[in-house]
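Enquirer: Give me a 3D structure for the following:
(one chain, ligands or ions: 2)
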Amino acid sequence: MALAPPAAAFAATPAPPLLLRSPAARPTAAAAVGRGGRSAFTPGEAPPPPIAARRRPACSRRPRPAWRGASTPTASAASSTPPPALPTLPPAVAGAVVSTPTTPIDGQTTGTSGLRKPTATLVDNPAYLPNLLQAYVNALGPATTVGARLVVGGDGRYYNATAVQTVLRVAAAAGFAAVTVGAGGLLSTPALAGLVVKTGAVGGVGLTASHNAAGLDGDWGIKFQGRNGGPAPEALTDRIVAATRAVTVVRAVDFGGPVNVATPGVRSFFGGAFVVDVVDPTAAYVDRLAEVYDFDVLRSFVATPGFAMRFDAMSAVTGPYAKALFVDTLGLPPSTILRGTPLEDFGGGHPDPSPAHTPALVAALADPAAGLLLGAASDGDGDRNLIVGPDFFVTPADSLAVLTEFAGVAIPWFANRPGGLPGVARSMPTAPAVDRVAAALRIPVYETPTGWKYFGSLLDAGRIALCGEESFGTSGDHVAEKDGLWAVCGWLAVLATASASAGRLVGVADVVRGHWARHGRTFSARWDYIGVPGAAGRAVLAGLRDGVVAAFAGVDRPPPPPPVGSDGDDGVRLDGATTLVHADEFAYTDPVDGAVAAGQGIRLFFADGSRGVLRLSGTDATAAATLRVYLDAYRPWGEGVADADPADVLGGVGGEVARLARLEELTGRVAPTAVV
Ligand SMILES: O=P([O-])(O)O[C@H]1O[C@H](COP(=O)(O)O)[C@@H](O)[C@H](O)[C@H]1O
Ligand SMILES: [Mg+2]
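Expert: Ligands and ions are numbered 1, 2, ... in the order given. The predicted structure follows:
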């Protein structure tokens, strides 16, 4: 017989939605845009399908029973894997456990960052999430869960309120002694990562599909974070996926009603055997950034007459964090923050921090009366960042390079470190701008596969202090995740330092041009072919693997050529005609733990030192694929370099990549859906 939980543990009102829902319409199409939002490609005769078309067919909207008791066999019978060990529970908890038979559900796999599915997949199948959470628990095992703490929170999207309650029920039945929850179910990904470490938890559950659109017609996502707060390593996600295929019973406690997670406070159940610790989502995060930056310096910099900035929280999780940081801590006016209230459907928007999705920010930057020095945005779960200035877009590769260049002088977390920076890392498709800074600093650069999880061992081992990816993720070693607002504060610190040295307010364009003058300019672009049939995406990679990479089997990659124009005779060439000199498929051996990740993208190397990289996205929520084509080229500083259009510099290599990969023939697309 279950003990009745204390009445105070429940909300006074029955489980209200955690967040507001905007009436705004959802976007219907992805625009083909280039840097700074301008159109870079003429849409071809085979236009990409609208976003709506790549989502699953409309699902029924019938009322759902509580998931308890539901068993939805949708896959093959459970394998003959031996049953997972059961936790030994305090009697009061054990008495409240309800065991529900179930069968495995197909497709509960993990991609680049956890599982992402159309929200309707979960709404229509009440067993979907319990099955997955039971797989988490079974993969971790009682030795990890019993008596331990877990952290849970997410980006505020639709279905998170339901999911938080399900996590609490399954966690209690797995023997967890405590779960820390961000009030309102909110925790940005870097805040979640920080809380895992701060609370000594064995891990965290992040309820987010990142930048994917939210709402009943959008996507939902979930990921497990390890003890270091960072993404679970592949060894664990592989165990989780295996456990989803063997789950036969879901065990969850009955609390007798929803747990109040709306406001901070400690809620105790079963005589204290299980505790839900609801915390202010922003407090520990701001405290951590106070260890990284000198907030007094930033406060006095942003108080300089003439300083103004805008941060677009895109109606997702970072609004409260931006308010706590920029308004409450640094003293900026509330108008600094655009779209600062988290909404369950992100206001119908697409919280992908690129100029294409931040029209109000772009408009504010274009308005001379606003006089903005810095524009920034973050994605749904707050781990990505966009840095822009008036009429100026900072590429993620340049952002990482600039932050690395300034870290030792502008950011106390790095500047006060004996021995300086140990090293830096970037994902392989990320253009190698940071490599030139690292060479000047005489520190190593690690080139990893796409996915923050691959930085984890390097961070844990102290081999790197900063890392970043072309997908708008950058961070330092204050947390084992990418951290959008950390990067925005980093840029404030850079601007403060540059302004102090110039004796006037300096904006992002001047800083980046100064960086190019010292190190040369690395041009980069990503062409996304969104919603291509999975088979077509795979055919592109297979065609390159068999037809191009195979031709270089056993052949060493030639040394990089001297940069174009470095002989000083002809000046810097700003076109990009070039020929292939090598190709391979990227495989990575983790230098710390020896783990091997093969098949991480096809690399094409060209005579002028430029690169093309092709891989399939691992964050799609549907069976359709996003083929990503990354291009980069380097030019030393010289006349015309600062104002050169990346589309001109990369046009030659891009055309050659498209030809070698037979993009039009195999995908039916004459142009990418979007240029990022
Ligand atoms: O979506 P987020 O912000 O969690 O970011 C995730 O996806 C990005 C893009 O992945 P893909 O190219 O496979 O779509 C990765 O670079 C990143 O490491 C990962 O955490
Ligand atoms: Mg994200």
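Enquirer: helix or strand for T100, which one?
Expert: Using DSSP states H and E, T100 maps to strand 97-101.
Enquirer: hmm, I was thinking of A193
Expert: In the assignment (DSSP H and E), A193 maps to helix 189-199.
Enquirer: Equivalent analysis for S457, please.
Expert: Here S457 is assigned to helix 456-460, by DSSP H and E.
Enquirer: Quick check: what element follows that helix along the chain?
Expert: Where DSSP H and E defines the elements, the next helix or strand beyond helix 456-460 is strand 466-469.
Enquirer: how long is stretch 609-628 end to end?
Expert: Distance across stretch 609-628, first residue to last, is 20 Å (C-alpha to C-alpha, to the nearest Å).
Enquirer: Contacts (any at all) between ligand 1 and it?
Expert: Yes: with C-beta under 6 Å from any ligand atom as the criterion, ligand 1 is reached by stretch 609-628 at S617, G618, T619, R628. Just so you know, the C-beta spots here come from the backbone N, C-alpha and C atoms, and that holds for glycine as well.
Enquirer: Can you pick out the ones from these that are in helices?
Expert: Within these, no residue falls in helices by DSSP state H.
Enquirer: looking at those residues, which has the most residues close by?
Expert: R628 (24 neighbours; other C-beta atoms under 10 Å).
Enquirer: Quick one: distance of stretch 321-338 to the chain centre.
Expert: The chain centroid and the centroid of stretch 321-338 are separated by 23 Å, computed with C-alpha atoms, centre = their mean, to the nearest Å.
Enquirer: Tell me the spacing between the residue of the stretch 51-200 of the chain found nearest ligand 2 and D312.
Expert: Using C-beta to the ion, T189 is the residue of the stretch 51-200 of the chain that sits closest to ligand 2, at 6.0 Å. Computed as C-beta to C-beta, to the nearest Å, the T189 to D312 distance reads 18 Å.
Enquirer: more neighbours, the two?
Expert: Neighbour count, other C-beta under 10 Å: between T189 and D312, T189 has more, with 34 against 29.
Enquirer: That one: what's it in contact with?
Expert: D155, G206, T208, S210, D381, G382, D383, E481, K482 (C-beta atoms under 8 Å, 6 or more residues apart in numbering).
Enquirer: so where do the strands sit in the stretch 401-550 of the chain?
Expert: Under the criterion DSSP state E, counting those that start in this stretch, strands of the stretch 401-550 of the chain are mapped to 424-427, 445-448, 466-469, 473-476, 521-532.
Enquirer: Against which helices or strands is the first one packed?
Expert: In terms of contact count using 3 or more C-beta pairs under 8 Å, 6 or more residues apart in numbering; DSSP states H and E, strand 424-427 is assigned the packing partners helix 396-410, helix 433-441, strand 445-448, strand 466-469.
Enquirer: For A597, find the nearest of these.
Expert: Among the helices and strands packed on strand 424-427, strand 445-448 comes nearest to A597, with 8.5 Å by C-beta to C-beta.
Enquirer: Can you give the distance of stretch 311-330 from its chain's centre?
Expert: With C-alpha atoms, centre = their mean, you get 18 Å for stretch 311-330.
Enquirer: likewise stretch 342-359?
Expert: For stretch 342-359, the distance to the chain centre is 14 Å (C-alpha atoms, centre = their mean).
Enquirer: now do stretch 493-506
Expert: 30 Å.
Enquirer: and what of stretch 245-264?
Expert: Chain-centre distance of stretch 245-264: 27 Å, with C-alpha atoms, centre = their mean.
Enquirer: same deal with stretch 424-434?
Expert: 16 Å.
Enquirer: That stretch: end-to-end distance?
Expert: First-to-last residue span, stretch 424-434, C-alpha to C-alpha: 8 Å.
Enquirer: Averaged pLDDT, it. What do you get?
Expert: Mean pLDDT, stretch 424-434: 98.
Enquirer: Domain boundaries for the chain, per the record?
Expert: 60-281, 291-519, 522-675 (automatic domain parsing).
Enquirer: which stretches of the stretch 51-200 of the chain aren't confidently modelled?
Expert: For the stretch 51-200 of the chain, the stretches flagged by pLDDT under 70 are 51-81.
Enquirer: Out of the strands of the stretch 401-550 of the chain, which gets nearest to ligand 1?
Expert: Smallest distance to ligand 1 across the strands of the stretch 401-550 of the chain (C-beta to the nearest ligand atom): 4.4 Å, for strand 466-469.
Enquirer: who touches that closest one?
Expert: Taking C-beta under 8 Å, 6+ apart as the rule, strand 466-469 contacts 396-397, 399-400, 403-404, 407, 414, 421, 424-427, 429-430, 434, 446, 448, 450, 452, 455, 458-459, 474-477, 482.
Enquirer: Likewise for stretch 650-658?
Expert: 523-525, 527, 575-580, 604, 606, 608, 610-612, 614, 629, 631-633, 663-664.
Enquirer: What of stretch 281-297?
Expert: Outside stretch 281-297, the residues that touch it by C-beta under 8 Å, 6+ apart are 153, 182-184, 186-188, 190-191, 194-195, 198, 320-321, 324-325, 329-330, 411-413, 476, 478-479, 485-486, 489-490, 492-493, 496.
Enquirer: on that earlier part again, now, the residues of stretch 609-628 next to ligand 1 that are in strands?
Expert: R628 (DSSP state E).
Enquirer: Only the buried subset of the contacts of stretch 281-297, as a PyMOL command please.
Expert: Buried residues within the contacts of stretch 281-297, by 16 or more other C-beta atoms under 10 Å, are selected in PyMOL with:
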select buried, resi 153+182+183+184+186+187+188+190+191+194+195+198+320+321+324+325+329+330+411+413+476+478+479+485+486+489+490+492+493+496
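Enquirer: In stretch 548-559, which residues are buried?
Expert: So stretch 548-559, judged by 16+ other C-beta under 10 Å, has buried residues V548, V549, F552.
Enquirer: Now do the contacts for the closest residue to ligand 2 within the stretch 151-300 of the chain.
Expert: The stretch 151-300 of the chain approaches ligand 2 most closely through S210 (3.3 Å), counting by C-beta to the ion. Residues in contact with S210 (C-beta under 8 Å, 6+ apart) are S113, R116, D155, T189, G221, D379, G380, D381, D383, R384, T619.
Enquirer: Can you say which of those residues are buried?
Expert: S113, R116, D155, T189, G221, D379, G380, D381, D383, R384, T619.
Enquirer: how about the residues of the stretch 251-400 of the chain that lie near ligand 1?
Expert: D379, D383, R384.
Enquirer: pretty sure the second one contacts G484?
Expert: Yes: D383 is in contact with G484 according to C-beta atoms under 8 Å; the separation is 5.7 Å.
Enquirer: picking that back up, in ChimeraX, how would I select the buried members of the contacts of stretch 650-658?
Expert: A single ChimeraX command selects the buried members of those (16+ other C-beta under 10 Å):
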select :523,524,525,527,576,578,580,604,606,608,610,611,612,614,629,631,632,633,663
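Enquirer: Next step: the contacts of stretch 650-658 restricted to strands.
Expert: Per DSSP E, those map to strands at 523-525, 527, 580, 604, 606, 611-612, 614, 629, 631-633.
Enquirer: With pLDDT added, can I get those in JSON lines?
Expert: Shown next, in JSON lines, are the ones in strands among the contacts of stretch 650-658 (pLDDT from 0 to 100):
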{"residue": "F523", "pLDDT": "97"}
{"residue": "S524", "pLDDT": "97"}
{"residue": "A525", "pLDDT": "96"}
{"residue": "W527", "pLDDT": "97"}
{"residue": "L580", "pLDDT": "94"}
{"residue": "L604", "pLDDT": "97"}
{"residue": "F606", "pLDDT": "94"}
{"residue": "R611", "pLDDT": "96"}
{"residue": "G612", "pLDDT": "97"}
{"residue": "L614", "pLDDT": "98"}
{"residue": "V629", "pLDDT": "98"}
{"residue": "L631", "pLDDT": "97"}
{"residue": "D632", "pLDDT": "97"}
{"residue": "A633", "pLDDT": "96"}
